[in-house]
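Enquirer: Using only what follows, build the 3D model:
(2 chains)
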Amino acid sequence: NAGVMQNPRHLVRRRGQEARLRCSPMKGHSHVYWYRQLPEEGLKFMVYLQKENIIDESGMPKERFSAEFPKEGPSILRIQQVVRGDSAAYFCASSPQGLYPYEQYFGPGTRLTVT
Amino acid sequence: QKEVEQDPGPLSVPEGAIVSLNCTYSNSAFQYFMWYRQYSRKGPELLMYTYSSGNKEDGRFTAQVDKSSKYISLFIRDSQPSDSATYLCAMSDGNQFYFGTGTSLTVIP
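Expert: This is a model prediction of the structure:
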């Protein structure tokens, strides 16, 4: 059973460009979470999605950031007009529905660098 | 005040030592408590998962939750150099997950 997949692993963007981060959850998992990790600050929740639904986006900046989890394909975290402060590691996690919905399994992360 | 407080360390112990890692929290609605291990440049790996108060043991690892004190612990027995990593506590109220900043652990051979 493959784990959570994220790509790309490293992404370099210039200020003003768009960044698209992809996450494929573990097989059988229908819940996806996105987190941002900055040095010395730990993991910060951004958004929680189920297939075709955004359940909780209270951790997402109001502007430039969006997320989706379509019926088919991976979940996408999109950052428009990136700024230097967006440089961070972005992790996706997935969890199963059912008995233990609060177990989360993380992908390897995408390290975004904005130059 | 942060939702979850965790001493960042770093913590350095000799091989074979018992390691104690701790987190405190302020939200009494938290009911799910997790510990993750994160190696450098990797994603967090779920170690232990506990619901409500009590102890849970898995091999060399023991997780404790004291909801009355809003305090959770992870104990590692017979620590090994391969345990060297950052350990993150996490908690959930059933909606969001809240993570500590992580404690960096080094086990010296």
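
Enquirer: From now on I want contacts and neighbour counts done on CA atoms only, so please keep to that.
Expert: Noted.

Enquirer: What residues does chain B have near chain A?
Expert: B:32, B:41-46, B:49, B:92, B:94, B:96-102 (C-alpha under 8 Å from any C-alpha of the partner chain).

Enquirer: from those, which would you call buried?
Expert: Neighbour counting with 16 or more other C-alpha atoms under 10 Å in any protein chain shown marks B:32, B:43-46, B:49, B:92, B:96-102 as buried within these.

Enquirer: Nearest residue to residue B:25 in space, please, no chain neighbours.
Expert: Leaving aside its sequence neighbours, residue B:25 sits nearest to residue B:4 (C-alpha to C-alpha, 6 or more residues apart in numbering or on different chains; 4.5 Å).

Enquirer: I should have written residue B:109 there, sorry.
Expert: Nearest non-adjacent residue to residue B:109 (C-alpha to C-alpha, 6+ apart): residue B:15, at 5.2 Å.

Enquirer: and which of the buried ones among the residues of chain B next to chain A is nearest to residue B:74?
Expert: residue B:49 (10.9 Å; C-alpha to C-alpha).

Enquirer: show me what contacts that closest one?
Expert: Neighbour list for residue B:49: A:103, B:32, B:33, B:34, B:35 [criterion: C-alpha atoms under 8 Å, 6 or more residues apart in numbering or on different chains].

Enquirer: do that again at 6 Å, thanks
Expert: B:33, B:34 (C-alpha atoms under 6 Å, 6 or more residues apart in numbering or on different chains).

Enquirer: Name the SS class of it, please.
Expert: At residue B:49 the chain is in strand, as set by DSSP: H, G, I helix; E, B strand; the rest coil.

Enquirer: Now compare the buried ones among the residues of chain B next to chain A and name the two farthest from each other.
Expert: B:32 and B:43 (20.2 Å).

Enquirer: Ends of stretch B:16-30, what's the gap?
Expert: 33 Å (C-alpha to C-alpha, to the nearest Å).

Enquirer: Also stretch B:96-109?
Expert: End-to-end distance (C-alpha to C-alpha), stretch B:96-109: 38 Å.

Enquirer: centroid residue for chain A?
Expert: Centroid-nearest residue in chain A: residue A:34, 3.4 Å away (criterion: C-alpha atoms, centre = their mean).
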